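Novice: my questions concern the predicted model and sequence given below.
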Protein chains: 2
Amino acid sequence: MSHSDPNNDSRASSGGRVATLGGGLIGRSWTALFLAAGKSVAVYDPDPATEARVKGTIEEAWPVLTALGLAKTEAPEAELVICDDPRVAVEGAEFVQESIPERIALKHELYKVIEPTLPENTVVASSTSGLTLSELQGGWRSPTRFVLGHPFNPPHLIPLVEVMGNELTGPGIVDWTRRFYESVGKVTIEVKREVPGHVANRLQAALWREAIHLVNEGVATVIDIDTAVSSGPGLRWAVMGPTTLFHLGGDDGGLTTFCERYSDSFNRWWDDLGRPHMDDATAARLVEGLSAVADRDDITALAAKRDDLLTAVVAATHGGRRGDSSEAGA
Amino acid sequence: MSHSDPNNDSRASSGGRVATLGGGLIGRSWTALFLAAGKSVAVYDPDPATEARVKGTIEEAWPVLTALGLAKTEAPEAELVICDDPRVAVEGAEFVQESIPERIALKHELYKVIEPTLPENTVVASSTSGLTLSELQGGWRSPTRFVLGHPFNPPHLIPLVEVMGNELTGPGIVDWTRRFYESVGKVTIEVKREVPGHVANRLQAALWREAIHLVNEGVATVIDIDTAVSSGPGLRWAVMGPTTLFHLGGDDGGLTTFCERYSDSFNRWWDDLGRPHMDDATAARLVEGLSAVADRDDITALAAKRDDLLTAVVAATHGGRRGDSSEAGA
């Protein structure tokens, strides 16, 4: 393919230019990450408050990026440009991360504006979680270099990006995008079929559904169920995924032995899992169940605690990853 | 109640005697944890190889217990006794953790042997995962001081214990047991109703079921789904449980706003989640999907990697907890 390999390209691994379109929370977090990786970043957002907000996010994110081994220098202010014209932002960019609001008409309009001026080999990725690749492709004359690059929030802290192309995507573009993300410290997976929620949000939904069922059935309190996760299996899931962990639960026989031994248990549990619906009464029950935590710590304090602990956990599990080859699954 | 409070009792918090019945993997891990907390521990197991095995486990576990802030001294060999008579093991014990093989007749037989000689206030907890409290109560003349104390493996490393009593359990016994476990560094939840898998195993089952569904449907590979967990939501679940995390995803409005905003998405995802059955073909598909990881690292090396990372994660999130008051849910 005509694309350069970001892992073997000094432009990509320690320089080069990236555009982030949209200066909301997600776009600003991406911006900080790309700067940490040594990119020049042009941020497009029409809001005049964008520059101050972006600088605020960089200031907050930098200690985290440093703790994770992703930032090696002081925040390079000279490498940051704020633009109110998306065509200016994408000039000379090797990669564009689009994170504007989740409205399809807005996204189509933006793609129409930038497509004629995009450099020939530039890849554009959308951060969208709710819109589908096929819907978004409708905004392009040629969607061959357009993919989904769905982060898990905030992108500068949580490594995962879900990358997706389809039959309209050019050959090698998904692989190039994965390598590009990995060169700036992300961990990628490929979503191969369009389903609601991609992968990570569906897994979250599955866990939360059973948590809610157990609350509804009076098996345990909201707080005790949260504690069960964060003092039990959640600790292991920060380290490895469920199938690898069960492979290690089968003694010398690995996953084969595990499945022989526990298939009946899993089938019995699966048959008994609940299927609650989210409605106002359910939401109220969860809010009431969480009130002891929510009343003790305000949201700002609780969020700060989450971020401090998360930074420590990501540093322990993923520290110094930038430019590593992928260690998927382990 | 007549029980002493383990948090206000020097015998319980820095001394006292505990019996562990069963010298398998789980019993040995409990033994190391209790020794680290300053208890004298009597281990009952009829197998003459028990002493060497217990000492081996203590040697392996001690660096972990030290890293977690749970062991403050060298391993105290003088505080360990191995017995081939369970009546000798429970003599003078304030607490008994039973972890013998998961066969109900064996457990009933053991309870019948120890019940006449148990000190009056001693609480007995079973580590069982597969048998129910009501089944096990059948082995007691008076089950008032008998509870479930189900750990998440290995008990010396993963903080969670699921504690359960029922209408036959004496007043205050579940609370006393929770405080006792917390005084030796565990984090407890209460299971209030008997359901297959208690809480944590059901939550694991829910997550794994959707992971398997996504593999079956060709949405992503086994390895990519594992990576999605351990580089995405798994990192957050090591820090807080799902409902607390979503409370922090609703901006200033907390969980109420989160539910208003995302109820439709969750209901749509929930309606689309799969219901696979575990059978030989499914197991074979998972084994094949994991082969790139399983072939690269043998089980011993992969387990060592898991344990090193887990120790770092638990130290970051739960370090120095022994005797802390519970910080459930946060």
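Specialist: Nice, thanks for sending it over.

Novice: against A:P48, how distant is the closest residue to chain B within the stretch 1-150 of chain A?
Specialist: In the stretch 1-150 of chain A, the residue that lies nearest chain B is A:G130 (7.0 Å; CB to the nearest CB). Glycine gets a C-beta too; all of them are placed from N, C-alpha and C. The gap separating A:G130 from A:P48 is 27 Å, by CB to CB, to the nearest Å.

Novice: which one of those two has more residues nearby?
Specialist: Between A:G130 and A:P48, counted using other CB atoms under 10 Å in any protein chain shown, the more crowded position is A:G130 (16 against 9).

Novice: list the residues that contact that one.
Specialist: A:G130 makes contact with A:E102, B:S265, according to CB atoms under 8 Å, 6 or more residues apart in numbering or on different chains.

Novice: so for the closest residue to A:D226 other than its chain neighbours, what's the pLDDT?
Specialist: Spatially, and ignoring its direct neighbours in sequence, A:D226 is nearest to B:G241 (2.4 Å; CB to CB, 6 or more residues apart in numbering or on different chains). Note for B:G241: predicted pLDDT of 98.

Novice: you'd agree B:G241 is up against A:S230?
Specialist: Yes: the criterion here is CB atoms under 8 Å, and B:G241 meets it with A:S230 at 5.1 Å.

Novice: following element in sequence after the lowest-mean-pLDDT helix or strand in chain A, please.
Specialist: The helix or strand with the lowest mean pLDDT-type score in chain A, counting by mean pLDDT, DSSP states H and E, is helix A:10-14 (a mean of 42). Later in the chain than helix A:10-14, the nearest helix or strand by DSSP states H and E is strand A:17-21.

Novice: contacts for the helix or strand following that following strand next, please.
Specialist: Using DSSP H and E, the next helix or strand after strand A:17-21 towards the C-terminus is helix A:25-36. Residues outside helix A:25-36 that contact it (CB under 8 Å, 6+ apart) are A:18, A:20-21, A:23, A:41, A:43, A:45, A:53-54, A:57-58, A:61-62, A:65, A:70-72, A:75-76, A:79-80, A:97, A:99-100, A:127, A:151, A:153-157, A:184-186.

Novice: now, which of these lie within helices?
Specialist: A:R53, A:V54, A:T57, A:I58, A:A61, A:W62, A:L65 (DSSP state H).

Novice: and those, which two are furthest apart?
Specialist: Spatial extent of those (CB to CB) is set by the pair A:R53 and A:L65 at 17.4 Å.

Novice: sketch out the low-pLDDT regions of the stretch 51-200 of chain A for me.
Specialist: Within the stretch 51-200 of chain A, no range satisfies pLDDT under 70.

Novice: tell me which parts of it are close to chain B?
Specialist: The stretch 51-200 of chain A comes close to chain B at residues A:130, A:152, A:158-160, A:162, A:187, A:189-193, A:195-197, A:199-200, as judged by CB under 8 Å from any CB of the partner chain.

Novice: among those, which ones are in helices?
Specialist: Cross-referencing these against helices under DSSP H gives A:A200.

Novice: out of the residues of the stretch 51-200 of chain A next to chain B, which end up buried?
Specialist: A:130, A:152, A:158-160, A:162, A:187, A:189-192, A:195-197, A:199-200 (16 or more other CB atoms under 10 Å in any protein chain shown).

Novice: okay, now A:V293: neighbour count?
Specialist: Neighbours of A:V293 (other CB under 10 Å): 21.

Novice: distance of it from chain B?
Specialist: For A:V293, the distance to chain B equals 5 Å [CB to the nearest CB, to the nearest Å].

Novice: again with A:H318
Specialist: For A:H318, the distance to chain B equals 7 Å [CB to the nearest CB].

Novice: likewise for A:D298?
Specialist: Taking CB to the nearest CB, one finds A:D298 at 9 Å from chain B.

Novice: hmm, back to that, show me which of A:R53 and A:L65 is the more surrounded one.
Specialist: For the pair A:R53 and A:L65, the greater number of neighbours falls to A:L65 (23 against 18), based on other CB under 10 Å.

Novice: just give the closest residue to the more buried one, not the sequence neighbours.
Specialist: A:L65's closest residue in space is A:A71 (CB to CB, 6+ apart), at 3.8 Å.

Novice: over to A:T257?
Specialist: Leaving aside its sequence neighbours, A:T257 sits nearest to A:G250 (CB to CB, 6+ apart; 3.7 Å).
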